[in-house]
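Colleague: here is the input, now give the coordinates:
(one chain, ligands or ions: 1)
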Amino acid sequence: MQTRIAAAGLEDIDTKLRARQRLSFDDGVRLFACPDLLLVGWLANRERERRHGARTFYNFNLRLEPTNVCEANCLFCSFARQKATAPAAYTMTLEQAWDKLRARASQAITELHVVNGLNPHLPFSYYTELLQGFKRIRPGIHLKCFTAVEIAYFADLYGMTDEQVLRELVDAGLNSMPGGGAEIFADRVRRKICADKCGANRYLAIHRLAHRMGLRTNVTMLYGHIETVEERVDHMLRARALQDDTGGFQAFIPLAFHPDNNAMRKLPAPTAAETLRVHAVARLMLDNIDHIKGFWVATGVEVAQQALWFGVDDLDGTVQEEKIYHMAGSVVPDGMSTSQLRALVRAAGREPYERDTLYNIVTPASHDAPVAATAGVALG
Ligand code: V47
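Modeller: Coordinates of the predicted model:
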């Protein structure tokens, strides 16, 4: 392997990694440029196995997007509808949203992941009552809800500070925050693809605040559109810098751009090779974030399996009722059962471990039942 590392000119990076020294911006750019993708994957896998061995985490979760009405006009988004009267625009009543959880009463779901469009027509009480209702229906459920972009929007719309918004949501039952809305932190890209939502500094400030309040959060990166390799590395380093201060990020989640039904549909989707590389480089650059998540809905099932050898140790979860990716062209099934997830992890040569949102291990024996009538997935 040393010969191959030398042939690729990565001896100094290998030396740093062995000594557990942090990689630099230039190192990240070189990892993206290195033609030997399998070598980059091998280095990332070494880091992954040092932290987690063969363990691969997943959880039993349900998605809910109570409204897709959204004031923002992000070029990559196929989910949002700018007007409440537009075809396919929807806003659930609280009862309709709660029914989604009630309908899953027989499933051992541990997490509800809720995100929304930036809807100007709803009162703040819609969101607090939403959370309170979920906790009434299922007191033990973990509520991972609202991106930092939504928190910023709520604060501006309802005349509150970011901290007041978070406090009221926590009082209503919020347990943690997902990582959506990060896209690419560089201003150049944000101005082009998501000009009318909160900027990178505010996104990061809200995560900092959430961490200070004791909430754990995730951070994402939308790749494979107009961003440069340098902007990807910059994005990773900004997440790493915040993590140095707070330690509050649980997982970094690269999200592969899907071009169907949105304003960037002329762009090609990122290749499998690109996806494997982005996850591998993330594992190598983010020495202070425990988990690299391969979101199988975004990568596809087979690439997610391969990514388990390219730095990824977490597959998100059963992900029932996901809309954002399915509306943008993802052809994966609508949800997988926990037994399907375990089988695909084992088929990839790894060991599945069910976790809760905070990475406590859950014993899965009691819920082997299929999660959805449509969840018949072929394992790659
Ligand atoms: O912020 C939207 C992305 C994100 C498209 O925290 C698209 O555990 C690709 O954040 N093609 C929402 N991506 C999803 C998300 C997420 C996913 C899994 C786990 C977690 C977590 C968070 O989806 C958005 C945006 O970056 N997105 N449209 C598209 N056409």
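
Colleague: isn't Y325 right up against V297?
Modeller: Yes: here Y325 reaches V297: they are 4.8 Å apart, a contact under C-beta atoms under 8 Å. For the C-beta atoms, the positions are set from N, CA and C on the backbone; glycine is no exception.

Colleague: anything in contact with each of those two?
Modeller: Counting by C-beta atoms under 8 Å, 6 or more residues apart in numbering, the common neighbours of Y325 and V297 are V332.

Colleague: now the one helix or strand E231 maps to - C-alpha only, CSV.
Modeller: Here E231 sits within helix 229-246, counting by DSSP states H and E. Output of helix 229-246 as CSV, limited to C-alpha atoms (Å, rounded to 0.1, in the frame of the first residue of the first chain):
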residue,chain,number,x,y,z
VAL,A,229,-13.9,21.5,-5.1
GLU,A,230,-12.4,24.4,-3.1
GLU,A,231,-15.9,25.4,-2.0
ARG,A,232,-16.6,21.9,-0.8
VAL,A,233,-13.4,21.8,1.3
ASP,A,234,-14.2,25.3,2.7
HIS,A,235,-17.7,24.1,3.7
MET,A,236,-16.2,21.1,5.5
LEU,A,237,-13.7,23.3,7.3
ARG,A,238,-16.4,25.8,8.5
ALA,A,239,-18.3,22.9,10.0
ARG,A,240,-15.1,21.6,11.6
ALA,A,241,-14.3,25.0,13.1
LEU,A,242,-17.7,25.2,14.7
GLN,A,243,-17.4,21.7,16.0
ASP,A,244,-14.1,22.6,17.6
ASP,A,245,-15.9,25.2,19.7
THR,A,246,-19.1,23.3,20.6
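
Colleague: show me what the host helix or strand of L222 is in contact with.
Modeller: Per DSSP H and E, L222 falls inside strand 216-223. Applying C-beta under 8 Å, 6+ apart, the set of residues contacting strand 216-223 from outside is 76, 148, 176-184, 207, 210-211, 232, 235-236, 239, 248-257, 270, 274, 278, 282, 289, 293, 357-358.

Colleague: repeat that for 6 Å
Modeller: The contact list for strand 216-223, computed with C-beta atoms under 6 Å, 6 or more residues apart in numbering, reads 176-180, 182-183, 207, 210, 235, 239, 248-255, 278.

Colleague: what distance separates it from the middle of the whole chain?
Modeller: Relative to its parent chain, strand 216-223 has a centroid offset of 5 Å by C-alpha atoms, centre = their mean, to the nearest Å.

Colleague: what angle separates that strand from helix 229-246?
Modeller: For strand 216-223 against helix 229-246, the angle by axes from the mean of the first three to the mean of the last three C-alpha atoms, to 10 degrees is 170 degrees.

Colleague: quick check: mean pLDDT of strand 216-223?
Modeller: Across strand 216-223, pLDDT averages out at 98.

Colleague: element containing R202?
Modeller: Per DSSP H and E, R202 falls inside helix 200-212.

Colleague: so for that helix, what gets flagged as buried?
Modeller: 200, 202-211 (16 or more other C-beta atoms under 10 Å).

Colleague: tell me who's in contact with the residue of the stretch 101-250 of the chain found nearest the ligand.
Modeller: Residue nearest to the ligand within the stretch 101-250 of the chain (C-beta to the nearest ligand atom): G180, separated by 2.6 Å. Residues near G180 by C-beta under 6 Å, 6+ apart: 115, 147, 220.

Colleague: export those as CSV, with columns for neighbour count and distance to the ligand.
Modeller: Formatted as CSV, the contacts of G180 follow (neighbours: other C-beta atoms under 10 Å; distance: C-beta to the nearest ligand atom, whole Å):
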residue, neighbour count, distance to the ligand
V115, 22, 6
T147, 26, 6
T220, 22, 5
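
Colleague: need phi/psi at the residue lying closest to A205 once chain neighbours are set aside.
Modeller: The shortest distance from A205 to any residue other than its chain neighbours is 7.2 Å, reached at D162 (C-beta to C-beta, 6 or more residues apart in numbering). Here is the backbone geometry of D162 (degrees, to the nearest 10): phi -60, psi -40.

Colleague: rewinding a little: so which elements touch the helix holding E231?
Modeller: helix 25-33, helix 200-212 (3 or more C-beta pairs under 6 Å, 6 or more residues apart in numbering; DSSP states H and E).

Colleague: can you add mean pLDDT and distance to the ligand and give these back as TSV?
Modeller: Shown next, in TSV, are these (pLDDT from 0 to 100; distance: least, C-beta to the nearest ligand atom, whole Å):
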stretch	mean pLDDT	distance to the ligand
helix 25-33	98	19
helix 200-212	98	10
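
Colleague: out of these, which gets nearest to T67?
Modeller: Of all these, it is helix 200-212 that lies closest to T67, at 20.2 Å by C-beta to C-beta.
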